[in-house]
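>>> Got a sequence here, can you build the structure:
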Amino acid sequence: GLGDVYKRQYPYRVDEISAELINLPEVEHVEGWGAASSELVNPDGTISDPVQLLAPPAGSKLVQPKLLAGRWLLPDDQNAIALSEMFRTNFPDLQVGDTLQLQVNGKEHDWVVVGFFQFAGSSSGYMAYTNAEYLAGITGQNGRAALVRVLSTHPSLTISQQEALSQKIQGLLEERGYQITNVEAGLSMSQTASNGFGILTAFLLFMAILAAIVGSIGLAGTMSMNVMERTREIGIMRAVGASNGILTLMVIIEGFLIGAISWAIGSLLAFPISNLMSNSISLALFDAATQITYTPTGFILWFVVVSILSIAASVLPARKASRLTIREVLAYE
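Have a look, this model is predicted:
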């Protein structure tokens, strides 16, 4: 699993950092990434927004981009650059193959756009990837890295375990004289996004349960009306020997079937509605649509909830039906 990210105030040699860390039993792989502060150069020559420029080494194991257009970086690329989706949103005329001008370390450089990738929309600002070797030639940091990413030997570390490993590595490097500016667990960004979506999901689930409860109250009223309208039918069943249990079970089964039918219709409508809501939220937060996945667990759990509410809503009408006597039925008009 992805371990931790370490930012340093001064670039250090990648081979030295790797030699320090690779001997730890928890560390499987170490990558030194190039990083530089850059700014957009407008057509009129003015400088505008900052761009976070990252440069993974060729064949990096720790970046798996979700491409929206074009391609990813190739090892022999020179001034190639891949841009986040925020560029597509704010510069709709910018296409794959166009030239983008960035100022890096006070000097202007032309970059050829080879692709666009999805990252985190406007919340992350402008982000771009280029080759580490090319960026190192521009910044004069050949063989050095300001950002080091560590891959753990354990494939599924929790965030607390990642933080514990990061503290261990930080202590080791500081003991060897390295200056650590920032330490960040690999899952920290995912957890932040998950917490935000968790709040939204909990709110939507709460609203869905409220809607189900209101629906069950409506079902109880509907079943009560059905019992009243079928009073004579219930009387005939009484006359031929139907017991209280049979009448109660009949009403409860009818309520359950109504709930099951509503669940089936709701399940079918869930596909287009969920896609619409997911894309709306994702476009608002990340400026890009997402791929929604469905699991049988959610449908099964909701079926259980609907079944319980349907049966509960049918209990009182069922008791009313079971208490009707032949005398009451004959007197009913």
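>>> what are the phi and psi angles of Ala128?
phi -140, psi 150 (degrees, to the nearest 10).
>>> Report the beta-bridge partners for the residue lying closest to Leu62 once chain neighbours are set aside.
Leaving aside its sequence neighbours, Leu62 sits nearest to Arg149 (CB to CB, 6 or more residues apart in numbering; 5.0 Å). Where you see a C-beta, it was placed from the backbone N, CA and C, and this is true even at glycine. Arg149 forms beta bridges with Val5, Glu31, as assigned by DSSP bridges.
>>> low pLDDT regions in the stretch 101-250 of the chain?
Low-confidence segments of the stretch 101-250 of the chain, defined by pLDDT under 70: 120-124, 186-197.
>>> Repeat the analysis, applying 90 as the threshold.
Counting by pLDDT under 90, the stretch 101-250 of the chain has low-confidence residues at 104-107, 117-127, 131-250.
>>> quick one: the strands in it?
With DSSP state E, counting those that start in this stretch, the ranges of strands along the stretch 101-250 of the chain come out as 107-118, 126-129, 144-152, 180-185.
>>> Between these, which one is closest to Leu301.
Proximity to Leu301 (CB to CB) singles out strand 107-118 among these, at 30.1 Å.
>>> Can you list the strands that the closest one pairs with?
Strand pairing for strand 107-118, using DSSP bridges, gives strand 66-70 (antiparallel), strand 80-84 (parallel), strand 99-104 (antiparallel).
>>> Just checking the distance from the last one to the centre of its chain.
A distance of 32 Å separates the C-alpha centroid of strand 99-104 from that of its chain, computed with CA atoms, centre = their mean, to the nearest Å.
>>> now stretch 42-58
28 Å.
>>> okay, the strands paired with strand 107-118, which one's buried deepest?
Neighbour counts (mean count of other CB atoms under 10 Å) averaged over each of these peak at strand 80-84, with a mean of 25.
>>> Do I have it right that Gly259 meets Val306?
Yes. Counting by CB atoms under 8 Å, Val306 is a contact partner of Gly259 at 4.8 Å.
>>> All the helices of the chain, in order from the start?
14-21, 85-90, 132-139, 159-175, 188-229, 231-239, 244-286, 296-323, 326-331 (DSSP state H).
>>> I'd like those laid out as CSV, including distance to Pro65 and mean neighbour count.
Below are those laid out as CSV (distance: least, CB to CB, whole Å; neighbours: other CB atoms under 10 Å):
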stretch, distance to Pro65, mean neighbour count
helix 14-21, 22, 17
helix 85-90, 11, 18
helix 132-139, 15, 19
helix 159-175, 22, 16
helix 188-229, 15, 13
helix 231-239, 66, 16
helix 244-286, 14, 15
helix 296-323, 29, 17
helix 326-331, 73, 12
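>>> which one of the ones you listed lies closest to Ser37?
helix 132-139 (10.1 Å).
>>> For that closest one, which helices and strands make contact with it?
If you count contacts as 3 or more CB pairs under 8 Å, 6 or more residues apart in numbering; DSSP states H and E, helix 132-139 packs onto strand 27-41, strand 47-55, strand 99-104.
>>> right, so those: which one is the most enclosed?
Of the helices and strands packed on helix 132-139, the one with the most neighbours on average (mean count of other CB under 10 Å) is strand 27-41, at a mean of 20.
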